[in-house]
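Asks: pasted the sequence and its predicted model underneath.
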Amino acid sequence: MHSLADYRGKWLVLYFYPKDETPGCTTEACTFRDDIAAIQSMGAVVVGISEDSIDSHARFAKKYHLPFTLLADDNGATAQEYDSLFSILGLMKFAKRHTFIISPDGHLAAKFMDVDPDDHSKQIIAKLTSLIRSASK
């Protein structure tokens, strides 16, 4: 179990994604992996969330050497709270590809509702840079 309070004092990049091992989700996760040093150097933590199981996340993280936490949102409740749950005729549910940046004091600082997996981590780095500059003024 994780809560926002666990990340108090740090920037949190909370990204929702549809499914482990799919092309777009793998690309997005790997770009975050490749840019993790830059993100962490800004005092930020990356956390990914999907409705996949803990076991699925463990295999996905191991296969792609993901150095950040993946959380299992088994019932979609967390995605629902962030208006990031998609349902097909009520039969199939999955998280939309959305990202939220939460400030060190726990407030929503930015949201990305139209995510391109290929360059999203670069967008996040640019936005974090801007937010940190603004916060230090």
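Replies: Structure's in. What do you need?
Asks: show me the residues around residue 129 that make contact.
Replies: Applying C-beta atoms under 8 Å, 6 or more residues apart in numbering, we find residue 129 in contact with residue 42. Every C-beta, even on glycine, is put in place using the N, C-alpha and C of the backbone.
Asks: before we move on, which element is it in?
Replies: helix 120-135 (DSSP states H and E).
Asks: for that helix, the averaged confidence score.
Replies: Rounded to a whole number, the mean pLDDT of helix 120-135 is 95.
Asks: same thing with stretch 12-19?
Replies: Stretch 12-19 comes out at a mean pLDDT of 97.
Asks: in what helix or strand does the residue nearest the centre of the chain lie?
Replies: The centroid of the chain falls nearest to residue 15 when counting by C-alpha atoms, centre = their mean (1.8 Å). In this assignment (DSSP H and E), residue 15 forms part of strand 11-16.
Asks: what's the angle between the helix holding residue 129 and strand 11-16?
Replies: Counting by axes from the mean of the first three to the mean of the last three C-alpha atoms, to 10 degrees, helix 120-135 lies at 150 degrees to strand 11-16.
Asks: three-state assignment of residue 58?
Replies: Here residue 58 is recorded as helix under DSSP: H, G, I helix; E, B strand; the rest coil.
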